[in-house]
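>>> Below is the structure, and that's it, no one-letter string:
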């Protein structure tokens, strides 16, 4: 769409000028308040609206069913109670070994460096996570270091959150330097939605930090729809590949947003144009407040069959669910034992 809602700024300025008012978001998109505002205000009391103006500029005005809008606009359906939809669907509070550390997988562990996000996705599985009790302080590094050294099987650290790319390059560099000091750590993986919603975050200082690290750097971005990937976003992502930084994408399958094989096929092709490989296609984590995004098993199977039939293997994301307490993602299609 023509970008009349947003003028380019550096990423820090964009982070400090997010849309946080449902009324403002509706006004920017020429949407009628009477149909959407009251429910948005109620749901926003539970989980605040946060969305960058650059991401709003990718939405279609006057379309209440725009797939990008549906991911961020609070809705009264979030307030409903549904069996099986809970505040900690992945059992992460039990995996919280020391502050800032989630050790769920044998050779990898997660550092939750911040609770901040540039965007509040309404289906977020950590929308209820008690970040303030779990963020590492500088003095916690020694405990984290000791934990890593006591688990020599760990060779990969995943920076998570919140969103780690809401942190400054200076803070990221401090943590990268700490991890580089441990010879057992070989791989640094960063999971982030920020490059999709504020592509300017992939600045030269960050690229330099990642390409010059002795750690093998991997960035996993989170994009759910091809409309999120405009030319600027794709150019920023493809720039990373030129510096030997592997970029992968994971998608959440969401009712009303991308529950169509054609949308997922188009997304894979667009990612590939940006030199990004599809990684995971997650079914919805059953977090309280996200029931209205859920899809039935038969619908999911049919969509995925069509995706398999339409794409070469290297562009097919793995269909998975994360099950609390399991040591790996659980594959959901074509799994049989011979």
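Yep, it's here. Because the structure is a prediction, the values reported are computed rather than measured.

>>> Pop the domain breakdown of this protein in here.
Here the domain parsing of the chain from automatic domain parsing is 11-79, 92-331.

>>> Let me know which of those is the nearest to residue 85.
Residue 85 lies closest to domain 92-331 among these, at 4.9 Å (CB to CB). Backbone N, C-alpha and C define where each C-beta goes, glycine included.

>>> quick one on the thing from earlier: TSV for the domains of the chain, including mean neighbour count, distance to residue 85 and mean pLDDT?
Output for the domains of the chain, formatted as TSV (neighbours: other CB atoms under 10 Å; distance: least, CB to CB, whole Å; pLDDT from 0 to 100):
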stretch	mean neighbour count	distance to residue 85	mean pLDDT
domain 11-79	17	10	94
domain 92-331	18	5	92
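
>>> and the ones you listed as a markdown table, adding distance to residue 86?
Output for these, formatted as a markdown table (distance: least, CB to CB, whole Å):
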| stretch | distance to residue 86 |
| --- | --- |
| domain 11-79 | 14 |
| domain 92-331 | 6 |
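
>>> What are the boundaries of the helices in the stretch 51-200 of the chain?
53-56, 67-72, 141-149, 169-180, 194-197 (DSSP state H, counting those that start in this stretch).

>>> of these, which approaches residue 263 most closely?
Across those, closest to residue 263 is helix 67-72 (CB to CB), at 7.8 Å.

>>> hmm, who's touching that closest one?
With CB atoms under 8 Å, 6 or more residues apart in numbering as the test, helix 67-72 has contacts from 25, 29, 49-51, 55, 58-59, 63, 119-123, 224-225, 227-228, 254, 256-258, 263.

>>> Could you say which one of the helices of the stretch 51-200 of the chain comes nearest to residue 299?
Using CB to CB, the helices of the stretch 51-200 of the chain put helix 67-72 closest to residue 299, at 16.5 Å.

>>> residue ranges of the strands in the stretch 1-150 of the chain, please?
According to DSSP state E, counting those that start in this stretch, the stretch 1-150 of the chain carries its strands in the segments 101-105, 108-112.

>>> So for residue 185, which of the ones you listed sits nearest?
Nearest of the strands of the stretch 1-150 of the chain (CB to CB): strand 108-112, 9.9 Å.

>>> tilt between the closest one and strand 101-105?
Relative orientation of strand 108-112 and strand 101-105, computed by axes from the mean of the first three to the mean of the last three CA atoms, to 10 degrees: 150 degrees.

>>> Strand 108-112: how far from the chain's middle?
15 Å (CA atoms, centre = their mean, to the nearest Å).

>>> Repeat that for stretch 106-124.
For stretch 106-124, the distance to the chain centre is 8 Å (CA atoms, centre = their mean).

>>> thinking again about what came up before, mind putting the strands of the stretch 1-150 of the chain into TSV with distance to residue 9?
What follows is the strands of the stretch 1-150 of the chain, written out as TSV (distance: least, CB to CB, whole Å):
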stretch	distance to residue 9
strand 101-105	33
strand 108-112	28
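
>>> Which of those strands sits closest to residue 14?
Closest among these, using CB to CB: strand 108-112, at 22.9 Å.

>>> helices or strands next to that closest one in the packing?
On a contact count with 3 or more CB pairs under 8 Å, 6 or more residues apart in numbering; DSSP states H and E, strand 108-112 meets strand 101-105, strand 156-160.
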